[in-house]
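Undergrad: Okay, sequence plus prediction incoming.
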Amino acid sequence: MSKQTDNYLAMAPALGLRYDPVNQVLYGQRNGYDILIYAANPGQPYLLTIHTGARNMFGANLTKEQTKELTKSVKPILTCLQNGNDIIITVNVVTGTGVKASLEKLTANTGEALNALISFLYGKGFAPCCSICGMQKFVTPHESEGRYYHLCPDCEASMRTRIAAPKPQKQENVIGGIVGALLGSLIGVFCIVLLSQLGYVAAFSGVIMAIGVLAGYEKLGGKLTKKGIVISIVIMLGMTFFGNQLDWAISLYTKGGGSKLGLTIFDCFQMIPWAISNEVIAKNTYLFNLVLIYLFLLVGAIPTIGAKIKDKQKIGRMVRIGSASSQFPVL
């Protein structure tokens, strides 16, 4: 088992909850409130989300002043928001040194935040309820298409029916997708050039390039298929190279004397191979920068593409947290 699973297994009884290892979620009841605890971002397993369904008996929503009251009074709580009938807080768990210290800190901070949330909701007149209808009924925890819910039997049945219903499929427009990807890549090109001119070669530019290209393809292409991902990767590679060339062209124009010679940036762009062969641009420096930019593109593209694929896999998926069938999608 992973360290994260070990920690969650140990935390569950200490918090009076149970652990679903398939979905990596702590769940159960505390003082009548139905609780879900999970890492919203698997890459940050110690930034936890505590989620419950609760509704004010008079129909009032939490105000900004009330949520600030909670986040300022309890150090581990970073954010608090109300989304319909769901109350969600984010808990920052600062780990100590060693596995034992980390687990103790993880449990203590999570427990403090959980107790504070329950006291806060009770004090503000919020009673446990279904996430969808807001009725005070028996509920069970679910994850559906990437979102978490506390559902009464009626709302669970309704959601399963809706998810299982056939959905109209969008047609992929490859030409539109290519245009969208190229437009999205311009943001990445701008980021590459701007950061480089400021003296940085940052991984941030690779992330922006990947997000821009994939989002652009999906926006104008209608949907992002495997074909679309392959096309997007090719465009990322090509536009990253273009961004690097444009950056060198601007450097030749501004720092290499191009402007004084009456050349344009376009002229400098065309002169880059000549500048490298005649050592106006050091070949090793050029190649090092190019490899670094592609490395950062890789760093940005892999998790971005992985997240897109995971999002696609969540479509039509509904599981009950803690059930024996929780590892299977709804059919």
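TA: All right, it came through fine.
Undergrad: CA only for contacts and neighbour counts going forward, please
TA: Noted.
Undergrad: quick one: strands adjacent to the strand ranked longest in the chain?
TA: Assignment by DSSP state E gives strand 47-56 as the longest strand of the chain. In the sheet, strand 47-56 lines up against strand 33-39 (antiparallel), strand 86-92 (antiparallel), strand 126-128 (antiparallel) (DSSP bridges).
Undergrad: SS state for the residue of the chain most remote from its centre?
TA: Computed with CA atoms, centre = their mean, the residue of the chain farthest from its C-alpha average is residue 261, at 48.1 Å. For residue 261, the assignment made with DSSP: H, G, I helix; E, B strand; the rest coil gives coil.
Undergrad: Roughly how far does it sit from residue 251?
TA: According to CA to CA, to the nearest Å, residue 261 stands 14 Å off from residue 251.
Undergrad: same check, this time on residue 213
TA: 26 Å.
Undergrad: What is the burial count for the residue nearest to residue 49 when sequence neighbours are not counted?
TA: For residue 49, ignoring the flanking residues on the chain, the nearest one in space by CA to CA, 6 or more residues apart in numbering is residue 90 at 4.6 Å. A count of nearby residues for residue 90, using other CA atoms under 10 Å, gives 23.
Undergrad: Then residue 171?
TA: Neighbour number of residue 171 under other CA under 10 Å is 9.
Undergrad: so it, which of the three states?
TA: Relying on three-state DSSP, one would call residue 171 coil.
Undergrad: The nearest residue to it once chain neighbours are set aside: what's it in contact with?
TA: In this structure, residue 171 finds its nearest non-sequential neighbour in residue 222, 6.4 Å apart by CA to CA, 6+ apart. Each residue near residue 222 by CA atoms under 8 Å, 6 or more residues apart in numbering is listed here: 170, 171, 172, 173, 177.
Undergrad: Any chance of JSON lines for these, columns distance to residue 53?
TA: Output for the contacts of residue 222, formatted as JSON lines (distance: CA to CA, whole Å):
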{"residue": "170", "distance to residue 53": "34"}
{"residue": "171", "distance to residue 53": "38"}
{"residue": "172", "distance to residue 53": "38"}
{"residue": "173", "distance to residue 53": "41"}
{"residue": "177", "distance to residue 53": "40"}
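Undergrad: which of the residues you listed count as buried?
TA: Buried by 16 or more other CA atoms under 10 Å: 172, 173, 177, out of those.
Undergrad: which ones are touching the first one?
TA: Counting by CA under 8 Å, 6+ apart, residue 172 makes contact with 221, 222, 223, 224, 225.
Undergrad: go with 6 Å
TA: 221, 222, 223 (CA atoms under 6 Å, 6 or more residues apart in numbering).
Undergrad: which among those residues gets closest to residue 107?
TA: Set against residue 107, the nearest of the contacts of residue 172 by CA to CA is residue 223 (42.0 Å).
Undergrad: who's in contact with the closest one?
TA: residue 172.
Undergrad: Is it correct that it falls within a strand?
TA: No - counting by three-state DSSP, residue 223 is not part of a strand but coil.
Undergrad: Would you check how far apart it and residue 299 are?
TA: 24 Å.
Undergrad: what's the helix or strand for residue 143?
TA: Residue 143 is part of strand 140-144 when elements are defined by DSSP states H and E.
Undergrad: by contact count, what packs against that strand?
TA: strand 147-151, strand 318-320 (3 or more CA pairs under 6 Å, 6 or more residues apart in numbering; DSSP states H and E).
Undergrad: Can you pull out the residues in contact with that strand?
TA: The contact list for strand 140-144 (CA under 6 Å, 6+ apart) reads 148, 149, 150, 151, 317, 318, 319, 320, 321.
Undergrad: ok, it: who's next to it in the sheet?
TA: Here, using DSSP bridges, strand 140-144 pairs with strand 147-151 (antiparallel), strand 318-320 (antiparallel).
Undergrad: would you turn these into TSV with distance to residue 7, mean neighbour count and mean pLDDT?
TA: Below are the strands paired with strand 140-144 laid out as TSV (distance: least, CA to CA, whole Å; neighbours: other CA atoms under 10 Å; pLDDT from 0 to 100):
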stretch	distance to residue 7	mean neighbour count	mean pLDDT
strand 147-151	22	22	95
strand 318-320	22	23	92
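Undergrad: For residue 104, which of these is the nearest?
TA: Nearest to residue 104, of all the strands paired with strand 140-144, is strand 147-151, at 26.7 Å by CA to CA.
Undergrad: Give me the contact list for that closest one.
TA: Under CA under 6 Å, 6+ apart, the answer for strand 147-151 is 130, 131, 139, 140, 141, 142.
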